[in-house]
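Asks: Predicted model follows, preceded by the sequence.
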Amino acid sequence: MVKPMNLFNILIVSLLLLFSLPIQATEIQVSVDRNPVAANESFQIIFTATQEPDANPDLSALRDNFDILNQQRSSNSSWINGKSSRNEQWIVTVMAKQPGELLIPAITFGSDHSNPLKIRVMENQSAPQNDDDVFMEVTATPETPFVQSQVLYTIRLYRRVQIAQARLDDPQVKDALIEKLGEDSNYSTQISGVDYSVTERRYAIFPQQSGELTIPPLTLDAEVVVPRRQRFNSFFNQPSTETRRIASKAITLHVQAVPVDFKGADWLSAESLEISEEWSDNDLQTEVGEPLTRTLRLTAKGATVGQLPELSSHQAIDGIKTYPDQPQLKEDKLADGLTAVREEKIAYIPSKSGDYTLPALEIQWFNTKTQRIEKTGVPSVTIKALPGKEASQQLAKPMSQPAETQSNQPSSTAVASENSNIVYWQGLSVFLAAGWLVTAVLFYRNRKKTGLPADQLPVEKPDSAIEKALKIACLENDPQTAKQLLLQWGKAQFNVESLNAIAKTCPQALGSEIELLNKYLYSGRAETWNGQPLWLAFSQHPVSAKVKIMDDGLEPLYKL
């Protein structure tokens, strides 16, 4: 029985430990709807949190460089795959007080805070050449890009009248890839003391050939609301509109060829390039026959996924097998350009113990910001393969004879064990052959008695030693044994020698389970593999459907 004083002491210690635990701060991300902006344009600063922060934001630090025009808050909750997620957003509409590179300072949310962010504010735009109440402006940056480099093409529609409806087609450029970036942004600006509402749309254009490239003018058809006096006051009166057609100017790009001093295997240009790697084991160790998985991730800003090179090396390494997975490709279409990501997983399976050095990975690319050729990569790395469990057990056994005698002369126990294994497999082969022979004889007699055609007779599936062993391996959740047995079965049934090939040959349910087993083996996961779904799909696999019975005899029902 715990004494009251001891119970009180335990309670005090527990409370002290509870309050001494560090409280994880809420991560608050900050972004803007576009960058750069003009000094007389309003823009939005968006603060996003995945959970409730400590308090509401203190925006007073913004007032040094910006005028706060409006602010609003929104929240969104969702439940996906049994997990709940929450999203909190604060959208602050501001206008810069002066041009230049301004800092959006870190904003405090009680004890939480956001990160600072820089934004470029340009000089005020010049007044339009005419006094139109609706006009369109297009820009392209840069106008002298390199081939396959990103060009930001921006369309701005200025208006000081109400537009009921408008239609604008996407730009069409020959010998170029075009990607729309994000959603349209709306803001207000002032030109020569006149207020305009602006709708901005951005595209990323990647020229595919050097030389002059012209972006044709764009045409906007807009229904502009015009003030007209109504004959009588009625709820059904519709606003009067008139159609306006506004055209932009054409822009000519002078596309430069690949620099002559670029020596890389494939031309790659980007604003920035980063490569990172992760391992399934931070100690870079595995056992013989067990996979060690490496994840390489390449991120390029201002490039497409089609430009990113392969990351896995095709160089053979003696004593180790390499199994690259299918690459994962992704493109993020943000307001400031396209960001491409390529991720590759490679499983390394050593066949013998020792140290293996993987070569360094180096990518040569052209930095469009610095206009220089740069190199990015990861250094060479050495992984260690430890002896497998069976080898470790053999090494751990006490040695009863000198090493020289044992190496030159096998022990009587080993010889007896080898002989017993030979006798066992010979006996098993005779037993299976006899079983198949009896099955064939009974099948033939049954056909003679029934008189049914051969393709209508039921085919009884005999027990197989491989199938029995596979059942045990699945129920005991042993993935390595299940793999070896499936390889033997697939070789006999379909004459294929890999799990991927077997999965493609089998029905969908069984093929899916075999693919899951293959991914588990090469992913380096720590959790236990569940083999019951695989055995359930295998037991329902219609092997008999692949057996053909001829009119002049009987083919072997099963082959090992």
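Replies: Now that the structure is in, tell me what you want to look at. Everything numeric in this text was worked out from a predicted model, so none of it was measured.

Asks: what residue ranges in the stretch 351-500 of the chain score low on pLDDT?
Replies: Scanning the stretch 351-500 of the chain with the threshold set as pLDDT under 70 gives 389-464.

Asks: Kindly report the same for the chain.
Replies: Along the chain, the parts satisfying pLDDT under 70 run over 1-25, 78-85, 124-131, 227-239, 389-464, 523-526, 542-560.

Asks: quick one: the helices in it?
Replies: For the chain, the helices defined by DSSP state H cover 4-20, 389-396, 403-408, 412-450, 465-475, 479-494, 499-505, 508-523, 532-539.

Asks: Using the record, which stretches count as separate domains in this structure?
Replies: 28-122, 134-228+239-255, 271-389, 424-546 (automatic domain parsing).

Asks: Contact partners for residue 489?
Replies: Residue 489 makes contact with 466, 467, 470, 502, according to Cβ atoms under 8 Å, 6 or more residues apart in numbering. Bear in mind the C-beta positions are built from the backbone N, C-alpha and C, glycine included.

Asks: Distance of it relative to residue 505?
Replies: 11 Å (Cβ to Cβ, to the nearest Å).

Asks: For the residue nearest to residue 143 when sequence neighbours are not counted, give me its contacts.
Replies: Leaving out its chain neighbours, the residue that sits closest to residue 143 by Cβ to Cβ, 6 or more residues apart in numbering is residue 253, at 5.7 Å. If you count contacts by Cβ under 8 Å, 6+ apart, residue 253 has them with 140, 143, 144, 145, 151, 207, 212, 213, 214, 215.

Asks: Tell me how many other residues crowd the last one.
Replies: By the other Cβ atoms under 10 Å criterion, the neighbourhood of residue 215 contains 23 residues.

Asks: what do you get for the fourth one?
Replies: A count of nearby residues for residue 145, using other Cβ under 10 Å, gives 23.

Asks: Test my guess that it contacts residue 176.
Replies: No - with contact defined as Cβ atoms under 8 Å, residue 145 and residue 176 do not form a contacting pair (10.4 Å).

Asks: any shared contact partners between those two?
Replies: Residues touching both residue 145 and residue 176 (Cβ under 8 Å, 6+ apart): residue 207.

Asks: quick revisit: which one of the domains of the chain lies closest to residue 263?
Replies: Distance to residue 263, taken as Cβ to Cβ, is lowest for domain 271-389 among the domains of the chain, at 6.7 Å.

Asks: Stretch 165-180: which residues count as buried?
Replies: By neighbour count on 16 or more other Cβ atoms under 10 Å, the buried set for stretch 165-180 is 166, 168, 171, 173, 176, 177.

Asks: With distance to residue 155 as new columns, can these be given to me in JSON lines?
Replies: Shown next, in JSON lines, are the buried residues of stretch 165-180 (distance: Cβ to Cβ, whole Å):
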{"residue": "166", "distance to residue 155": "12"}
{"residue": "168", "distance to residue 155": "7"}
{"residue": "171", "distance to residue 155": "8"}
{"residue": "173", "distance to residue 155": "14"}
{"residue": "176", "distance to residue 155": "16"}
{"residue": "177", "distance to residue 155": "18"}
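
Asks: Pull the distance from stretch 52-69 to the chain's centre.
Replies: Taking Cα atoms, centre = their mean, to the nearest Å, one finds the center of stretch 52-69 at 35 Å from the center of the full chain.

Asks: any idea how far residue 295 is from residue 356?
Replies: From residue 356 to residue 295 the distance is 18 Å (Cβ to Cβ).

Asks: wait, residue 312
Replies: Using Cβ to Cβ, residue 312 is found at 11 Å from residue 295.

Asks: Quickly list what's touching both of the two.
Replies: Contact criterion Cβ under 8 Å, 6+ apart; residues shared by residue 312 and residue 295: residue 344.
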